[in-house]
Every structure is written in structure tokens, then in C-alpha cells.
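[1] here is my input, please return the structure:
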Amino acid sequence: MEALIFLLIILILGFFSFPLYSYFAIIGVFAYVLTDLGFIFWTIFTVSALIFLIQPLRIKLVTSKIVAFIKNNGLLPKISKTEEAALQAGTNWVESNFFKAEVNFDEIYGEKVTELSEEEQSFLDNEVNELCEMTTDWQIFQDRDLSKEVWQFIKEKKFFGMIIPKEYGGLGFSATAHSHIIEKLVSRSQVLAITIMVPNSLGPAELILKHGTQAQKDKYLDDLANGREVPCFGLTEPNAGSDATSLTSNGVLFKDDDGKIKIRLNFEKRYITLGNVATLIGLAFTLSDPDSLLGDKKDLGITFGLINSKLKGVDNSRRHDPLGIPFVNSPLYGKNVVIGLEDIIGEKDGIGKGWQMLVESLSIGRGISLPSVSLGGSKFALNIVSSYTSLREQFGLSIKNFEGVEEKIAKIAAFTYMLNSARNYTIDAIDNGVKPGVINSVMKYHATEKFREVINDSMDVLGGSAIIRGENNLLAHAYFAIPISITVEGANILTRNLMQFGQGLIKSHPYIYKQINALNSNNVESFDKGFFAHIGLVHTAFAKSIFYYFSRAKINCQRGEFARYKQKLTWVSAEFTLLTNVALGILGPNLKQRENISARFGDILSYSYLITATLREFENNPKKEDKILVDYVCNYCFNEIQKAREEIISNLGYIGFLLPLVKVNPFGVKAEDKLNAKIVSSLSDKERLDDLTKNVFISENKKDRFTKLQEAVLLNKENKDSFKVLKIALKKGVIQKASIEEMVKELEEKELLSKEASIKVKKAHKAKQEVISVDSYKVRTYKAAR
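    From the prediction side, this is the model:
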């Protein structure tokens, strides 16, 4: 009994993170009062207390021995210069809590919400709508380009200058405005969205803003903002994709005939968006100084330059064809292209700092642009699928009422809500000055992967209407383009397996990076503090995991809506922290090479973030009808976390015996089927659907396919009672099945429908038939089409 009480005391101390001296004090009191231990115990106890509580003594007798063991056995993790730059870039944010066995809901809910300014809202309602009205996705695909008028409008209205401050001629918009603009544009055309997205993502404008000299800002930014310069960014090469440090494009310093130091560039780039139309190329290359013109160092490292596309030796005349999606994407070639030191971003001070500039700037593409594309596409798909399935009938029923279809629609709706929640949380943080490098990787991965699922499910639901290409098909081009989003800004396999957890573990863990730095600098005192704090964290995580496991976290007091999910999230955080440190203890530095293990830890971390964002969204916008979506998202995410939990334990051989214990007491299970029905039923309310798909562009042109779909839904809903009369009459044999005109005429003759109702029914039926129709072509036209 005394042993059990003693164990319980130790766990309670760990649960509440008591300092080390309290352990010795309480253990001493416990031993003195409840046990009869002799001189040997008290001698060992006293010596241990002195050693571990007096830091200089602890360093000399314990810590120094640990440091020597780590160094002698090659256990010190190595961090390359490129990894160091990535770790230094960005800031720790909410993800760091999951490495500390805690979740701070006050901090989460306290993140300030960014509202669109009047100017930003006006731009979204006017200029963005006007741009969308100027073209259609089908027309862009037929022309294989944007029209001259569209290009001119984009430049004149400063769409390329959204991130450029007003003092340099740009719009100076927030990340929130940037996201909403891309979100709306993609619901009109992915090509339109990509064309505008890229200059406002990683590229010359952002790099000049952050790292350029004042002279470079004055020279380039106003021209970039107003479209007089069209930018692109040349990074990727045939043998340097995800590993940008493998660049072979090179620049060599030399003196020209006037004795000025210049750079001779040779490069080959590919997959460069806007490359063919760019006038200003941001170029990544490795710079060397073989003649020591700037100093003794020969290899000066990755450097970014600003290249006029008209310079002799530059060739941007070719284009790629990315799965038939006609946004401008090109290879770039350069042979003996000469530029000056003033063409380096940051001039001389920017030499060799290209990798650092790159990792600091990736937040736009990963955290804003691509998630906004995925969210806009998901909203668009949800509106189409929900609307279409309410109109399309089989066996006398709207196909949305079949359980298989119901399951897909519910998933699309829940994923859209989840992506919107995560976008809002991330963008708010960025607008508040946070640079969430780890979470940006999470956003890039999950936004594009969830959008892939949304589009695939939408294609399944729409069936033949989704696979017949033509002006009437609203989803095919999004389906074609999905692999592009998956690939760019770091391929998703890399992002999941190496970046989410691999970067997060060192950057966001409260002690690992400190310990590594202490070891590398031979600072034993600093290592001592970090190491024993780390041990304390592990004990806290262990204690919390034990208590939460047996209580299913119900002992964790939470308030407000969805308190149960908050309790479970704290449980996940505790066990995630424990498992992370157990894996470190078992695998050591080799954890980085165990990519599948790292990917599963990344899954737990990322799904924890998605739950967090979803709960925050409901807290900020508490709508009763959204509760079912929150339930779906949380059940889905906890179930995915459970899968990752089981796979980690089964693949860490030393702890595989625990697998039955985690299976019998899971974090979560898949939501019940009845939740699907509730979600789909709620979408029958047009206002509800419009709220979930807010900011999707709807043309004022009544001939527009998507506009027709909206009109058809309204007409059929308005006439549902008349259609019900028709169905009952058919079922009872009052009328015989025939054309809609003949059936309505017969109902009118039998005085079952009024003349006015008959006219409205025929109009609604015609609208429905029109939107469920598909394209067809004369053979000659089909063969001539591109």
C-alpha cells in the first residue's frame, strides 16, 4: 500500500510540474512519517539530494559525464547550415504547446481576428468581381491564355502589388485580404488565381521588400506594383527541386574591361510560373569568387539576383504544359549573362544569404496562397455538389438522399468548414506578426490534400457530368490541376515526412534546440539546465498521460462549448509529448531518418492543429447549425490521430507491447452515419449553403453555367409543392408518365395545378434539365478542338 501511495504522489508531482526540490522534500516527509528506513537509506537520500539540487555539484558529478557519453558515442545531432537557417526563420506559435503536454485555450481564443478594411472589402466586391466578369475558365482554356484586356486590367488595378506597401505604389493589403481575393478568384478560374497569386507569393517583390536596399526598393517596387514589371522567381532546376541547396545555376565574379566587378551567370531553370512573360527574373544561383575579388573565400553560397529578361543570353521563350492547365509556366535558360553587384538582392550584403532569404519568405506560398486556393476550390465544389444533387434524381429521389452520396457531401462540407477554420486562424496569426513556419507546412500539406479528397469525392458524386469536358463542366479543370498544388512549394511527401514534425521537433520543442546549441558550444551549464528541465517535461507528460488514459481526460476541467473535445485534445498533447521523447530516447539522431515515424508524428501534430482551429472558429462564430460540422471534424481528426498513435507504437519495437492498450482506449472513432444525414439536410437551406460557401463568385451574367445552377435550385425549391403534386399523381396513376409539358397540361386540365403553377413548373424543370446536361460536339469540331 505504501508503495502505491508513493507512486501516486510521484505522479501527482509530475502532473502539476512541481520543481525538483519538492520531490526530495515530499519523499523525505513520506519516508519519515510512513516508513521505518534506516541509516543507509537516509545517507543515499541526503547525498542524492545534495548532488541533484546543488547545480555545480550536479554538473561536476552527473552532467559532465552525460556530455562526455554523448560526444564519445556520436549521439550529438548535427544541424547543417541550411537546417540552421530554416530553424532561425519564423517564430514558434501554437504548435509549441503540443510539445509541452499542454493546450492553452485562452491563448488560442485570444488570437486577434483580422477584419477586412473598407478599402479591402471594396476591392473584393468591385475590382475582383469585375475581373471575374471579364472572362470565364472555359474561355481561358480555349485561348490557352488570359486575354489582353484581362492582363491589362490585372496590371492597372495593381493585382500584382497586393503585398507591396502603399508608399511604394502597392495596395498594402493584409494577409487576410490577400487570402480572400485568391479564394474568390479561384472559384472563377484557377488560372486567374495562380497568375495573381504567384507575384504576391515568393518572388522579387517580397524579397526586395524584406532584403533589398533602399535603392532597389525605389527602383523596382512601384513598377512591380503597377504591372510595368512582371516578375517571376527562378529557383527549381532539373536536379534541384525540394532540395534547393543542390543548385547548379552558377555565377562567377570577374572584372570587366573597365575594372568593375561583375557576375557571369549560367543557369537552367524549370517550372517557373510567369517565366515566359516576366520582365524581371528573381534568380537563385550559387556564387563563386575564383580570383578572390571580394576576399579569400571562393565559394560565396546561394545568392539571389534580379535579372532583366531582355539581357543578352537570357532565354525565356519556351513554355511548359502543366497537365493542360494554361497558366504561364516555363523553363528559363541563361548563358554567359552578365549582371552587376547592384543586381544582387541586398547588393554586396546579400551575397550568400539566398537560402536564409528563401526560408524566411516561404510563409506566403505555404501559409496563404495555396491554402486559399484549396479553400476557394472546396467552397466552389461544395456549392456545386450540394446544388446538383438536390436537382438530379434517380429512382424518384434526389440523389443527395442516398447514403453513399450523403457520406461524400457531408465530408466535403466538413472539410470545407475545417479548411476555412484553419485558414482564418493561420491568417490572423500572420497579420498579428507571427511567422508560423511549422504551421505553414501543416497548412500547405493539409489544404492541398483535403482539397484533393474534396475534388475526387465531388467527381464521384457528379458522375458523368463531371467527366464530360466542356463549357458546362465546372469541376474538370480543378481535377486536372490538383497534382500541381500537391507538388509546388515543397512536394507533399517531403512536407509530411520531413518538414511538419522534423522541423517542428527541433524548432518548437522547448529544450532540444537549446541542448544541441549548448553541446555544440561546449556550454555544460546551459546543457545542464536544459537537460534536467527536459527530464522534468518527460515526467510531466508521463504523469498526465497516465491520469488522462484512465480517466479519458475527464479530470481535465474545461468550460464552454465542446468541452469534451478540449479535454481530449489535452490528452493528445500529453501523449504526443511523451511519445515524441520516447522515440527520441529509442532512436536518437536516427529519428530524422525514420521518415514514416516522423510522418505519423506530423499527422498527430497537424490534426491537433486542425482541431484547435476548428474549435476556435466556432468560438469566434458560434452558429448552432455549425455544431454538426464541428462534431464531424473533431471526430474525424481524433480518429486520424488514433491511427497515427497506433502506427507509431507498432513501429517502435521497444514499446510495441502497448499496442493493445491504446487500441482498447482510443482517442476517437469515426463519426456515426447519422451525422452525415444531418449535415446534408442542413444544406437544403440555401442561406446555410451560401454561408458555408461565402466569397464564391457568382456572375451577374444569366447565361453563366454556375449562375444557372443557382437559379435552377431556387426555381425548383419554389416549386417543390407543384412537383410533389406531379409525383403523387404519377404514383396513383392519375396521369401517365410523358413529357413534362404533357404531364403538366393534364394536371392543369384535372385542376390539380393552376395555369400559373404550370408555367412555373415547366420553367423550373427546364432550368434543372439545362444544368444537368453535358456538352457534346460534332465530330469535325471535336477533332479540331485543342
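
[2] so where's this structure uncertain?
    Residues of the chain that meet the criterion pLDDT under 70 lie in 1, 80-82, 85-86, 242-245, 362-365, 786.

[3] domains in it, by residue range?
    2-53, 231-361, 373-495, 719-771 (automatic domain parsing).

[4] got the contact list for the spatially most central residue of the chain?
    In the chain, the centroid-proximal residue (C-alpha atoms, centre = their mean) is residue 443; its distance is 1.4 Å. Counting by C-beta atoms under 8 Å, 6 or more residues apart in numbering, residue 443 makes contact with 366, 367, 370, 371, 422, 423, 426. To be clear about C-beta, it is placed using only N, CA and C from the backbone, and glycine gets the same treatment.

[5] change it to 10 Å
    Applying C-beta atoms under 10 Å, 6 or more residues apart in numbering to residue 443 gives the contacts 363, 366-368, 370-372, 374, 419, 422-423, 425-427, 436, 495, 606, 609-610, 613.

[6] mind listing what's buried in the helix or strand harbouring residue 451?
    Assigned by DSSP states H and E, residue 451 belongs to helix 437-462. Residues of helix 437-462 classed as buried by neighbour count (16 or more other C-beta atoms under 10 Å): 437-452, 454-455, 457-459, 461-462.

[7] what do you get for stretch 148-155?
    Quick answer for stretch 148-155 (16+ other C-beta under 10 Å): 150, 153, 154, 155.

[8] which of those residues fall within helices?
    Those of the buried residues of stretch 148-155 mapping onto helices are 150, 153, 154, 155, per DSSP state H.

[9] turn those into JSON lines, including distance to residue 196.
    Formatted as JSON lines, these follow (distance: C-beta to C-beta, whole Å):
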{"residue": "150", "distance to residue 196": "11"}
{"residue": "153", "distance to residue 196": "11"}
{"residue": "154", "distance to residue 196": "6"}
{"residue": "155", "distance to residue 196": "11"}
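
[10] all strands for this protein, in order.
    231-234, 250-255, 261-273, 280-288, 299-308, 314-315, 329-340, 393-394, 397-398 (DSSP state E).

[11] can you put these in JSON lines and add distance to residue 92 and mean neighbour count?
    JSON lines is the format used below for these (distance: least, C-beta to C-beta, whole Å; neighbours: other C-beta atoms under 10 Å):
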{"stretch": "strand 231-234", "distance to residue 92": "27", "mean neighbour count": "28"}
{"stretch": "strand 250-255", "distance to residue 92": "35", "mean neighbour count": "17"}
{"stretch": "strand 261-273", "distance to residue 92": "31", "mean neighbour count": "20"}
{"stretch": "strand 280-288", "distance to residue 92": "27", "mean neighbour count": "24"}
{"stretch": "strand 299-308", "distance to residue 92": "25", "mean neighbour count": "21"}
{"stretch": "strand 314-315", "distance to residue 92": "41", "mean neighbour count": "17"}
{"stretch": "strand 329-340", "distance to residue 92": "35", "mean neighbour count": "19"}
{"stretch": "strand 393-394", "distance to residue 92": "53", "mean neighbour count": "13"}
{"stretch": "strand 397-398", "distance to residue 92": "49", "mean neighbour count": "13"}
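
[12] adding distance to residue 27, write the ones you listed out as a markdown table.
    Formatted as a markdown table, the strands of the chain follow (distance: least, C-beta to C-beta, whole Å):
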| stretch | distance to residue 27 |
| --- | --- |
| strand 231-234 | 61 |
| strand 250-255 | 64 |
| strand 261-273 | 62 |
| strand 280-288 | 59 |
| strand 299-308 | 54 |
| strand 314-315 | 74 |
| strand 329-340 | 67 |
| strand 393-394 | 72 |
| strand 397-398 | 69 |
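
[13] for residue 784, which of those is the nearest?
    Set against residue 784 and scored by C-beta to C-beta, these come closest in strand 329-340, at 25.3 Å.

[14] how far does that closest one sit from its chain's centre?
    32 Å (C-alpha atoms, centre = their mean, to the nearest Å).

[15] that older thread, so of the domains of the chain, which one's packed in deepest?
    Sort those by mean neighbour count, taking mean count of other C-beta atoms under 10 Å, and domain 373-495 sits at the top with a mean of 22.

[16] in contact with the nearest residue to residue 691 once chain neighbours are set aside, which residues?
    Distances taken as C-beta to C-beta, 6 or more residues apart in numbering put residue 623 closest to residue 691, at 7.8 Å, once the chain neighbours are dropped. By C-beta under 10 Å, 6+ apart, the residues touching residue 623 are 617, 629, 630, 688, 691.

[17] next step: the contacts of residue 443 restricted to helices.
    Those of the contacts of residue 443 lying in helices (DSSP H): 363, 370-372, 374, 419, 422-423, 425-427, 606, 609-610, 613.

[18] ok, the residue nearest to residue 738 when sequence neighbours are not counted - contacts?
    In space, and not counting its chain neighbours, residue 738 is closest to residue 746: 7.9 Å by C-beta to C-beta, 6+ apart. By C-beta under 10 Å, 6+ apart, residue 746 lies in contact with 726, 729, 734, 735, 736, 738, 752, 753.

[19] tell me the phi and psi of the fourth one?
    Backbone torsions of residue 735, given as degrees, to the nearest 10, read phi -130, psi 160.

[20] need the contact list for it.
    Contacts of residue 735 by C-beta under 10 Å, 6+ apart are 726, 728, 729, 742, 743, 744, 745, 746, 747, 749, 750, 752.

[21] how much space between the nearest residue to the fifth one once chain neighbours are set aside and residue 369?
    Distance criterion C-beta to C-beta, 6+ apart; nearest residue to residue 743, sequence neighbours excluded, is residue 735 at 5.6 Å. Spatial separation of residue 735 from residue 369 under the definition C-beta to C-beta, to the nearest Å is 56 Å.

[22] how about residue 723?
    44 Å.

[23] ok, residue 743 next?
    Separation of residue 743 from residue 369 (C-beta to C-beta): 51 Å.

[24] likewise residue 49?
    Taken as C-beta to C-beta, the span from residue 49 to residue 369 is 57 Å.

[25] ok so, going back, any chance of the contacts of residue 746 in CSV, plus distance to residue 660?
    Output for those, formatted as CSV (distance: C-beta to C-beta, whole Å):
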residue, distance to residue 660
726, 59
729, 61
734, 63
735, 63
736, 64
738, 64
752, 65
753, 65
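
[26] those residues: which two are farthest apart?
    736 and 753 (15.8 Å).

[27] buried sites along stretch 557-576?
    Buried residues in stretch 557-576, defined by neighbour count with 16+ other C-beta under 10 Å: 558, 562, 565-576.

[28] and the residue lying closest to residue 451 once chain neighbours are set aside, what is it in contact with?
    Nearest residue to residue 451, sequence neighbours excluded (C-beta to C-beta, 6+ apart): residue 374, at 3.7 Å. Contact analysis of residue 374 by C-beta under 10 Å, 6+ apart lists 183, 186, 415-416, 419, 423, 443-444, 446-452, 454-455, 482, 485.

[29] next one: residue 275
    Applying C-beta under 10 Å, 6+ apart, we find residue 275 in contact with 232-234, 269, 281, 309, 316-320, 328-332.

[30] now with 6 Å?
    Neighbouring residues of residue 275 by C-beta atoms under 6 Å, 6 or more residues apart in numbering: 232, 316, 330, 332.

[31] which non-adjacent residue is nearest the first one?
    The shortest distance from residue 232 to any residue other than its chain neighbours is 3.8 Å, reached at residue 278 (C-beta to C-beta, 6+ apart).

[32] same thing with the third one?
    Across the structure, with C-beta to C-beta, 6+ apart as the measure, the residue nearest residue 330 apart from its sequence neighbours is residue 275 (3.3 Å).

[33] and that neighbour, how close does it get to residue 269?
    7 Å.
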